[in-house]
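**Q** Build the 3D model from these lines:
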Amino acid sequence: MAAPLRRLADAVVALAIGAAAVYAHTLTLGADELDAPLTSRAEVGATAVTGRFSARLGKVVAARSVRLGDGPDARSLRAGEGEVFVVATVAATAPREPVWLREAWLRTRDGLDYAASDRTGVARGIGRPAQPGWWTERLFVFEVPPEALPGAELVITGPSGNGLYDEIYPGRYDQLRPEAALELTAGDAAATRLLAEVKDSWPLTG
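**A** Here you go, the predicted structure:
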């Protein structure tokens, strides 16, 4: 009797291991999913809360050109052919320690990312980190075709906290970086209104 019982026990263990392996396989993520940051999303007017910072979208303006500076040193930049500037005010705070928010994209409905315009600087007010206890504002400026706006999100990625690992494996642990995705407009109709009210020129201050 001992041998049949042992065989039965072995069979049960083998079935259990096989079932566990199948279950683990269903939880396996692809390389792109593993490398994706941890994203917190927010609709218009709401706050996206991550473990390291919170962000909410304020005023959004579309303009054919933007003005940089004041007085005699002011200069104007016109958007490229078939494009508009999108100027977005973002307020941010942090729960524990100052957090620098230097990376932002306008992400289309189809997943195409437009980096903040390097013609105007990545952001105005970028010299101020998100601080515990109060909200700081900065402007992010994008230069995009009008058709990119319906369904778009403004995506802000927080800095990595992986220390030495980032120096050894640059970008490998980006999935640990917090990311806030803020809905740009409240639906396609709002995006259409934003473009219908496009400004000829808009000052960049802050």
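**Q** My guess is residue 79 contacts residue 62. True?
**A** No - if you go by Cβ atoms under 8 Å, residue 79 and residue 62 don't touch, sitting 9.4 Å apart. Backbone N, C-alpha and C define where each C-beta goes, glycine included.
**Q** Give the residues shared as contacts by these two.
**A** Common contacts of residue 79 and residue 62 (Cβ atoms under 8 Å, 6 or more residues apart in numbering): residue 85.
**Q** On the C-terminal side of the worst-scoring helix or strand of the chain on mean pLDDT, identify the next helix or strand.
**A** Using mean pLDDT, DSSP states H and E, the weakest-scoring helix or strand in the chain turns out to be helix 164-168, at a mean of 44. Of the helices and strands lying after helix 164-168 in sequence (DSSP states H and E), the nearest is strand 178-183.
**Q** For that following strand, name the packing helices and strands.
**A** Applying 3 or more Cβ pairs under 8 Å, 6 or more residues apart in numbering; DSSP states H and E, one finds that strand 178-183 contacts strand 38-42, strand 47-49, strand 54-63, strand 153-157.
**Q** Now the third one: buried residues?
**A** Applying a neighbour-count criterion of 16 or more other Cβ atoms under 10 Å, one finds 54-57, 60-63 buried in strand 54-63.
**Q** want to throw these into a markdown table with distance to residue 188?
**A** As requested, these are exported to a markdown table (distance: Cβ to Cβ, whole Å):
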| residue | distance to residue 188 |
| --- | --- |
| 54 | 27 |
| 55 | 23 |
| 56 | 21 |
| 57 | 17 |
| 60 | 14 |
| 61 | 18 |
| 62 | 15 |
| 63 | 20 |
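**Q** among those, which two are most distant?
**A** 54 and 63 (27.5 Å; Cβ to Cβ).
**Q** sorry, back to before: could you export the helices and strands packed on strand 178-183 as TSV, including distance to residue 129 and mean pLDDT?
**A** Compiled in TSV, these are given as follows (distance: least, Cβ to Cβ, whole Å; pLDDT from 0 to 100):
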stretch	distance to residue 129	mean pLDDT
strand 38-42	18	88
strand 47-49	17	96
strand 54-63	12	96
strand 153-157	13	94
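**Q** Is it possible to get CSV of those strands that adds distance to residue 73?
**A** Below are the helices and strands packed on strand 178-183 laid out as CSV (distance: least, Cβ to Cβ, whole Å):
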stretch, distance to residue 73
strand 38-42, 37
strand 47-49, 36
strand 54-63, 20
strand 153-157, 29
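**Q** closest one to residue 74 among these?
**A** Of the helices and strands packed on strand 178-183, nearest to residue 74 by Cβ to Cβ is strand 54-63, at 15.0 Å.
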